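Trainee: Generate coordinates for the sequence data below:
(2 chains)
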Number of protein chains: 2
Amino acid sequence: MIVARNILRLASGVLLGLATLFGVASARAQTDPLPSWNDTAPKAAIVSFVKKATTENSPDFVPEPERIAVFDNDGTLWVEHPMYVQLAFALDRVKAQAPSHPEWKDTQPFKAVLENDIKTLAASGEKGLIELILATHGGMTSDEFEKVASDWIASARDPKYKKPYTELVYQPMLELLGYLRANGFKTFVVSGGGIEFVRPWAEKVYGVPPEQIVGSSIKTQFEMRDGMPTLFRLPQVNFIDDKAGKPAGINAHIGRRPIAAFGNSDGDLEMLQWTTMTGGSVRLGMIIHHTDAEREYAYDRQSEFGHLDEALEAAAINKWTVVDMKADWKEIFPQK
Amino acid sequence: MIVARNILRLASGVLLGLATLFGVASARAQTDPLPSWNDTAPKAAIVSFVKKATTENSPDFVPEPERIAVFDNDGTLWVEHPMYVQLAFALDRVKAQAPSHPEWKDTQPFKAVLENDIKTLAASGEKGLIELILATHGGMTSDEFEKVASDWIASARDPKYKKPYTELVYQPMLELLGYLRANGFKTFVVSGGGIEFVRPWAEKVYGVPPEQIVGSSIKTQFEMRDGMPTLFRLPQVNFIDDKAGKPAGINAHIGRRPIAAFGNSDGDLEMLQWTTMTGGSVRLGMIIHHTDAEREYAYDRQSEFGHLDEALEAAAINKWTVVDMKADWKEIFPQK
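Mentor: Residues are numbered from 1 along each chain as shown, chains lettered A, B, ... in the order given. Now for the predicted structure:
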């Protein structure tokens, strides 16, 4: 181990020397790491935060292992309208599974899904939603679910943009993820959505590996099946990673307090509080405010889909940065 | 992000070139990365596995992000006798908390603890143990618990060796952790013990950061206290990361199947099965067999503390490597 460590030390020393020699450091300073961000306050806040956290011998310096950044997913990293992507997945799964569930024709909320009756579906509320999730996400092994989710995400298309959902991720946020990682941060997704729904594509799309995804989950059970070990997904809720659940999920998975948090709704309020309200080191809290009806959507407390209310109030009090998508982002989606 | 990526690519290219230039690669090949391991079968199995997994263009090559190795803690990375370290912690906590719990004088299993009546304590079984854990590990914030656990681990001494428990870690396993990491593996601890008990010292002792610890846990609840966000530890079991719980814990935290697993008891059986019994790439399963009564302890199925039975049978069937501590390890503990 000591040998390995010494090699690493030697390597990083050599690297640092070379970076200076070849002018990499100065080239880097001249190249904008956040080209899709306009030169407005949020970009300045990000760059200033990263400089503070990474400048050695400064009072705000944060050692690399403690540079943890957490990102909500729906509405923060990718589009959440006209409905959460995972809900679109669940509705498609109900339709695909319906032939083996004749009883769904007469049972809510399944009946509403099969009849495309979104109003009745919405009226079934959180209880109905959880019923749909358990019926479509449970009852199979973890390997089977991963395949079902991967296949769906590869073929499904957003109804407005007619594109795969994985192309409807926010280009400025991709740049931000990369910028933080280039500065020694570990980036985590902390989603209200299902952990197993996000994992199959997050590494490719966000550069975030499965072990850095935190999310809602259902219970799994280890079983030997035909002599092979399997994890069977039970139709039982294990954990809801939303609102007050987010700090608990962060603590369970990460085990230390993040120094930066990015969200877009009241579901992210407690995560932002947990990250920023501390006597500790420099912190960054940021809320993505959907203000761009032309390029994407505009909504907050007044909107039908509105769920950014309390967190927007808290932003002013806690000095969280609010991103005005229309004014602060040059691009919304990656240009292919 | 693209700029950052290119810099990283440039850097790693330069580095590779330099490694050859300066002869680092050949120096490395000549230096034994596992000096505390005798040149017996287990060391050969480890080195062969790592070579296979890391040799590009070989049929057994495993891409770096998939190089996940999981380690049980008690009895695999540190001493578990005469009792689990965490149990010693719980007993000390009962004694420390007793003044504010006069009722414990007449309530089992607390009475047994206060009277050092290990026999009655043992008779209280798993139910009694969980009662002790909840009473001593719950009822405070996560920050408070971290301090209590850290303070205890810094001051407590093992009764036989008269040393801090963090010095009673196995030197060969420390070398193994480092060797795997130097070869692009991510190392995780997957403990039946409490995740919050292991995290405060695992980074310093094992080089494993908090986010790579999987373990048993109690429920936490987010609360604002005096205007500050806190996580309060409820006296309720959340998850038991033992036996069939280990694959579930691995899936919840890591989200992909490990390619190497290290354990020492029947509690690790399912983790070893989950890791190795698959049609996938090259795998390594290893059991640490405590055979050294002189330098440490000797126990398995026959012993009073014995709990290595079914997993030892399974080792023969599944071709897991069994480490004979007496024959295969030159050193047991780090020499300071």
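
Trainee: Show me what counts as buried in stretch A:77-97.
Mentor: A:77-81, A:83-91, A:93-94 (16 or more other CB atoms under 10 Å in any protein chain shown). Every residue, glycine included, has its C-beta placed from N, CA and C.

Trainee: How about stretch A:284-296?
Mentor: For stretch A:284-296, a neighbour-count test (16+ other CB under 10 Å) marks A:Leu284, A:Gly285, A:Met286, A:Ile287, A:Ile288, A:His289, A:His290, A:Thr291, A:Asp292, A:Glu296 as buried.

Trainee: Tell me the one of those nearest A:Pro334?
Mentor: Comparing those against A:Pro334 with CB to CB picks out A:Glu296 as the nearest, at 13.5 Å.

Trainee: Quick check: the closest one vs A:Gln171, distance?
Mentor: Look at A:Glu296 and A:Gln171: by CB to CB, to the nearest Å, they are 12 Å apart.

Trainee: Which neighbours do these two have in common?
Mentor: Contact with both A:Glu296 and A:Gln171 is made by residues A:Ile332, according to CB atoms under 8 Å, 6 or more residues apart in numbering or on different chains.

Trainee: ok, the buried residues of stretch A:77-97 vs chain B, which is closest?
Mentor: Comparing the buried residues of stretch A:77-97 against chain B with CB to the nearest CB places A:Leu77 closest, at 13.6 Å.

Trainee: got the contact list for the closest residue to that closest one other than its chain neighbours?
Mentor: Closest residue to A:Leu77 apart from its sequence neighbours, by CB to CB, 6 or more residues apart in numbering or on different chains: A:Met173 at 5.2 Å. Residues near A:Met173 by CB under 8 Å, 6+ apart: A:Phe71, A:Thr76, A:Leu77, A:Phe262, A:Ile288.

Trainee: Let me have these in JSON lines, adding secondary structure and distance to A:Leu114 as columns.
Mentor: Converted to JSON lines, the contacts of A:Met173 look like this (DSSP: H, G, I helix; E, B strand; the rest coil; distance: CB to CB, whole Å):
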{"residue": "A:Phe71", "secondary structure": "strand", "distance to A:Leu114": "35"}
{"residue": "A:Thr76", "secondary structure": "coil", "distance to A:Leu114": "32"}
{"residue": "A:Leu77", "secondary structure": "coil", "distance to A:Leu114": "31"}
{"residue": "A:Phe262", "secondary structure": "strand", "distance to A:Leu114": "37"}
{"residue": "A:Ile288", "secondary structure": "strand", "distance to A:Leu114": "34"}
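
Trainee: if we can go back for a sec, next, give phi and psi for the residue nearest to A:Leu77.
Mentor: phi -80, psi -30 (degrees, to the nearest 10).

Trainee: Show only the entries of the buried residues of stretch A:77-97 found in helices.
Mentor: If you go by DSSP state H, the buried residues of stretch A:77-97 have A:Val85, A:Gln86, A:Leu87, A:Ala88, A:Phe89, A:Ala90, A:Leu91, A:Arg93, A:Val94 in helices.

Trainee: Report the central residue of chain A.
Mentor: When CA atoms, centre = their mean is applied to chain A, the residue found nearest the centroid is A:Asn73 (2.6 Å).

Trainee: Can you check the pLDDT for that residue?
Mentor: Looking at A:Asn73, its pLDDT is 98.

Trainee: what about the closest residue to it other than its chain neighbours, which helix or strand?
Mentor: Leaving aside its sequence neighbours, A:Asn73 sits nearest to A:Ser191 (CB to CB, 6+ apart; 3.8 Å). In this assignment (DSSP states H and E), A:Ser191 forms part of strand A:186-194.

Trainee: Any part of whichever helix or strand comes after that strand near chain B?
Mentor: Later in the chain than strand A:186-194, the nearest helix or strand by DSSP H and E is helix A:195-206. Yes. For helix A:195-206 and chain B, the contact criterion (CB under 8 Å from any CB of the partner chain) is met by A:Ile195, A:Glu196, A:Arg199, A:Glu203.

Trainee: tell me what helix A:195-206 is packed against?
Mentor: Under the contact definition 3 or more CB pairs under 8 Å, 6 or more residues apart in numbering or on different chains; DSSP states H and E, helix A:195-206 sits against helix A:142-155, strand A:186-194, strand A:213-225.

Trainee: so is whichever residue of the stretch 51-200 of chain A sits closest to chain B in a helix, a strand, or just coil?
Mentor: Among all residues of the stretch 51-200 of chain A, A:Gly178 sits closest to chain B, at 2.6 Å; criterion: CB to the nearest CB. Of the three states, A:Gly178 takes helix according to DSSP: H, G, I helix; E, B strand; the rest coil.

Trainee: Contacts only, for the closest residue in space to A:Ala248 that isn't next to it in sequence.
Mentor: Of all residues not flanking A:Ala248 in the chain, B:Thr220 sits nearest, at 4.9 Å (CB to CB, 6+ apart). Counting by CB under 8 Å, 6+ apart, B:Thr220 makes contact with A:Ala248, A:Asn251, A:Ala252, B:Ser142, B:Leu231, B:Phe232, B:Arg233, B:Leu234, B:Asn238.

Trainee: quick revisit: nearest to B:Thr187 among the ones in helices among the buried residues of stretch A:77-97?
Mentor: Using CB to CB, A:Gln86 is the member of these that lies nearest B:Thr187, at 31.7 Å.

Trainee: wait, doesn't the closest one sit right on A:Gly194?
Mentor: Yes. Here A:Gln86 reaches A:Gly194: they are 6.1 Å apart, a contact under CB atoms under 8 Å.

Trainee: who touches both of those two?
Mentor: Counting by CB under 8 Å, 6+ apart, the shared contacts of A:Gln86 and A:Gly194 are A:Ile133.

Trainee: on that earlier part again, can you convert the buried residues of stretch A:284-296 into a markdown table and add a column each for distance to B:Lys105, pLDDT and secondary structure?
Mentor: Formatted as a markdown table, these follow (distance: CB to CB, whole Å; pLDDT from 0 to 100; DSSP: H, G, I helix; E, B strand; the rest coil):
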| residue | distance to B:Lys105 | pLDDT | secondary structure |
| --- | --- | --- | --- |
| A:Leu284 | 51 | 98 | strand |
| A:Gly285 | 49 | 98 | strand |
| A:Met286 | 53 | 98 | strand |
| A:Ile287 | 53 | 98 | strand |
| A:Ile288 | 57 | 98 | strand |
| A:His289 | 59 | 97 | strand |
| A:His290 | 61 | 96 | strand |
| A:Thr291 | 64 | 96 | strand |
| A:Asp292 | 67 | 97 | coil |
| A:Glu296 | 65 | 97 | coil |
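
Trainee: So which of those residues is the closest to chain B?
Mentor: Nearest to chain B out of the buried residues of stretch A:284-296 is A:Gly285 (CB to the nearest CB; 11.9 Å).

Trainee: leaving aside the residues next to it on the chain, what's closest to the closest one?
Mentor: Closest to A:Gly285 by CB to CB, 6+ apart is A:Trp320, at 3.6 Å.

Trainee: what residues does the stretch 51-200 of chain A put near chain B?
Mentor: A:65, A:68, A:142, A:174-175, A:177-179, A:181-182, A:186, A:195-196, A:199.

Trainee: if you set the cut-off to 10 Å instead, what comes out?
Mentor: A:65-66, A:68, A:142-143, A:146, A:171, A:174-183, A:186, A:188, A:195-196, A:198-200 (CB under 10 Å from any CB of the partner chain).
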